[in-house]
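> Provided below are the primary sequence and the corresponding predicted coordinates.
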Amino acid sequence: MATILDKPETKEAMSSLNLEKIRRDFPILRREVDGKRLVYLDNAATSQKPLSVINKISEYYQRYNANVHRGIHTLSEEATAMYEGTRETVRHFIDAKETCEIIFTRGTTEGINLVASTWGRQNVLPGDEIVLSPMEHHSNLVPWQVLAQEREAKLVFLELTAEGEIDMEAAAKLIGSRTRIVAVTQMSNVLGTINPIKELAALAHKQGAVILVDGAQSVPHMQISVQEMDADFVAFSLHKMLGPTGVGVLWGKKDILKAMPPYMYGGDMIASVSRERSRYNELPWKFEAGTPNIGDVIASAAAFEYLTTMGLDNVREHEVEITRYALNRLREINGITIYGPKDPQKRGGVISFNMKDIHPHDLGQILSDAGIAIRAGHHCCQPLMKDLQVMGTARASFYIYNTFEEVDMLLAALREADKVMGNVAYR
Ligand code: ALA
């Protein structure tokens, strides 16, 4: 596969996916930016949406918009059936044991905050340790900082190897008898590193601790089984996996969720209320206060169906190959620094890099002028940026509709940027 550069006409045939057909399902990919074809390489921030998802949102509002779990009328019954049906779709998608373990949230951030605020306050005591990796998104760091301050607990950070992988020998020592929770990302949104969740879960469980997995970058891109990885909580967002914004999933083991207090109060999470006291609803509704994001949850089913039909193994294979190709081509550029594991099998389709002294924002702007969307900055990982000794990075991230030709376009634009900016020193 490393020799693919020689045969440009066969590049797209290397994919495990029918890219031409897939691209037809995404109307936005036909638009132009300043007269240039859009090349969307910012999928780690949010993915584009296929027509089936867009249509499902519209269908909900045109045909059966109603509140769920409340009305005894046809529209409400239809909306409730579709809403709860999506829960079963999620259960199947992540291989959870029971649908009551699937909680709809607004996104990964809310899922993690829910666990930190409820499970955390209930279980973390002064002197306890919360173990995190240095590659965590702010969303899987700040809630734990706040909890640690409140409970007088300690944050402990795992160590990374030179290629940005978790040092598992050190982890075995750092996860100890004071560890209450290990909270780690399954796939870094900066380094692309795929972390060994099953092994970390075993280390946590050996010490009587639990493990929370930030699945925001992994669940959209690879087949996961929450049972197989033996996590205790997994949080992810639909908008990064073809679905609408404003929908996330928090999965947790039933016994743990059952023992946790609610996160927010009111609406759907109530069983009965008197003037002085309330009884709370059962799982999963105990954690779904207020009217949920009904239309977008229902439309999410179309996103899960799209990915399931395609096959998550094919999605992963495509991303490994396009990442391998992109890494090989990027390495041709003089003065480029690429972060994260060298082996595409060990990482997701996220490539962060810096070029000479060019500020990543300038790179982002020059690429944008060429119709290419990437992300530039600290990627909500400021502590990791400090470890890497950079202000920020440029980041290209791929998904099911990205072609090898688009990688070539990225390369051409980077070479252009190098011509324009390469001699400018920023230090
Ligand atoms: N967490 C998202 C990203 O990495 C927004 O871009």
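It's in. Treat the numbers as computed from the prediction; the structure is a model and nothing was measured.
> hang on, Val131 packs against Ile181?
Yes. The pair Val131 / Ile181 is scored as a contact, 7.1 Å apart, by C-beta atoms under 8 Å. No exception for glycine: its C-beta is placed from N, CA and C like everyone else's.
> now the common contact residues for those two.
The contact sets of Val131 and Ile181 overlap at Ala204, Ala209 (C-beta atoms under 8 Å, 6 or more residues apart in numbering).
> where exactly do the strands run in the stretch 251-400 of the chain?
Ranges of strands in the stretch 251-400 of the chain, per DSSP state E, counting those that start in this stretch, are 270-273, 278-280, 336-338, 350-355, 372-373, 375-377, 393-397.
> any buried residues in the second one, and which?
Within strand 278-280, the residues that count as buried by 16 or more other C-beta atoms under 10 Å are Tyr280.
> and the chain, which residues reach the ligand?
Near the ligand, the residues belonging to the chain are Ala44, Ala45, His137, Asn189, Arg375, His379, Cys380 when assessed by C-beta under 6 Å from any ligand atom.
> now a PyMOL select for only the buried ones of these.
A single PyMOL command selects the buried members of the residues of the chain next to the ligand (16+ other C-beta under 10 Å):
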select buried, resi 44+137+189+375+379+380
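> and which of the residues of the chain next to the ligand is nearest to Ala235?
Distances from Ala235 to those, taken as C-beta to C-beta, are shortest for His137 (10.9 Å).
> ok, the closest one touching Ala216?
Yes. Counting by C-beta under 8 Å, His137 touches Ala216, with 7.1 Å between them.
> shared neighbours, these two?
What both His137 and Ala216 touch, as defined by C-beta under 8 Å, 6+ apart, is the set Thr185, Asn189.
> check the residue of the stretch 1-150 of the chain found nearest the ligand and give its pLDDT.
Taking C-beta to the nearest ligand atom, the ligand has its nearest neighbour within the stretch 1-150 of the chain at Ala45, 3.5 Å off. pLDDT, Ala45: 98.
> pLDDT at the nearest residue to it once chain neighbours are set aside, what is it?
Counting by C-beta to C-beta, 6 or more residues apart in numbering, Arg375 is the residue found nearest to Ala45 once chain neighbours are left out, at 5.3 Å. Arg375 is assigned 97 on the pLDDT scale.
> same thing with the one 3 residues further on?
Per-residue confidence (pLDDT) for His378: 96.
> over to Ala13?
pLDDT at Ala13 comes out at 76.
> tell me, how many residues neighbour it?
Residues contacting Ala13 under the criterion other C-beta atoms under 10 Å number 9.
> hang on, the earlier thing: I'd say the residue nearest to Ala45 and Ala44 touch.
Yes. In this structure, Arg375 is within contact of Ala44 by C-beta under 8 Å, at 7.1 Å.
> what residues are shared contacts of those two?
Arg395, Ser397.
> how close does the residue in the stretch 51-200 of the chain positioned nearest to the ligand get to Lys49?
Of all residues in the stretch 51-200 of the chain, Asn189 sits closest to the ligand, at 3.6 Å by C-beta to the nearest ligand atom. Going from Asn189 to Lys49 by C-beta to C-beta, to the nearest Å gives 20 Å.
> ok, now Asp369?
Separation of Asp369 from Lys49 (C-beta to C-beta) stands at 25 Å.
> could I have whichever strand or helix holds Lys173 exported to CSV, CA atoms only?
Of the helices and strands defined by DSSP states H and E, Lys173 is found in helix 168-174. Extracted as CSV, the C-alpha positions of helix 168-174 are listed here (Å, rounded to 0.1, in the frame of the first residue of the first chain):
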residue,chain,number,x,y,z
MET,A,168,0.9,1.0,29.7
GLU,A,169,3.8,0.0,32.0
ALA,A,170,3.6,3.3,33.7
ALA,A,171,-0.3,3.1,33.7
ALA,A,172,-0.1,-0.2,35.6
LYS,A,173,1.7,1.7,38.4
LEU,A,174,-0.3,4.9,38.2
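> residues in contact with it: which ones?
Val131, Val156, Phe157, Leu158, Glu159, Pro196, Glu199, Leu200, Leu203.
> leaving out the residues flanking it, which one is nearest to Leu17?
Nearest to Leu17 is His318, by C-beta to C-beta, 6+ apart, at 4.7 Å.
> ok, that neighbour - contacts?
Counting by C-beta under 8 Å, 6+ apart, His318 makes contact with Ser15, Ser16, Leu17, Ile400.
> make it 10 Å
Going by C-beta atoms under 10 Å, 6 or more residues apart in numbering, His318 touches 14-17, 19, 22, 221, 310, 349, 398-402.
> all helices of the stretch 251-400 of the chain, in order?
254-259, 294-310, 312-330, 360-369, 382-388 (DSSP state H, counting those that start in this stretch).
> out of those, which one sits most buried?
helix 294-310 (a mean of 21; mean count of other C-beta atoms under 10 Å).
> and the angle from it to helix 312-330?
Angle, helix 294-310 to helix 312-330, by axes from the mean of the first three to the mean of the last three C-alpha atoms, to 10 degrees: 80 degrees.
> surely Ser76 meets Thr291?
No. In this structure Ser76 lies outside contact range of Thr291 using C-beta atoms under 10 Å: 11.7 Å.
> who has more neighbours out of the two?
Ser76 (17 against 13).
> identify the residue nearest Gly266 in space, chain neighbours excluded?
Of all residues beyond its chain neighbours, the one nearest Gly266 is Ala289 (5.0 Å), with distances taken as C-beta to C-beta, 6+ apart.
> do I have it right that that neighbour meets Asn281?
Yes. Assessed by C-beta under 10 Å, Ala289 is found in contact with Asn281 at 9.4 Å.
> anything in contact with each of those two?
In contact with both Ala289 and Asn281: Pro262, Gly267, Asp268, Met269, Ile270, using C-beta under 10 Å, 6+ apart.
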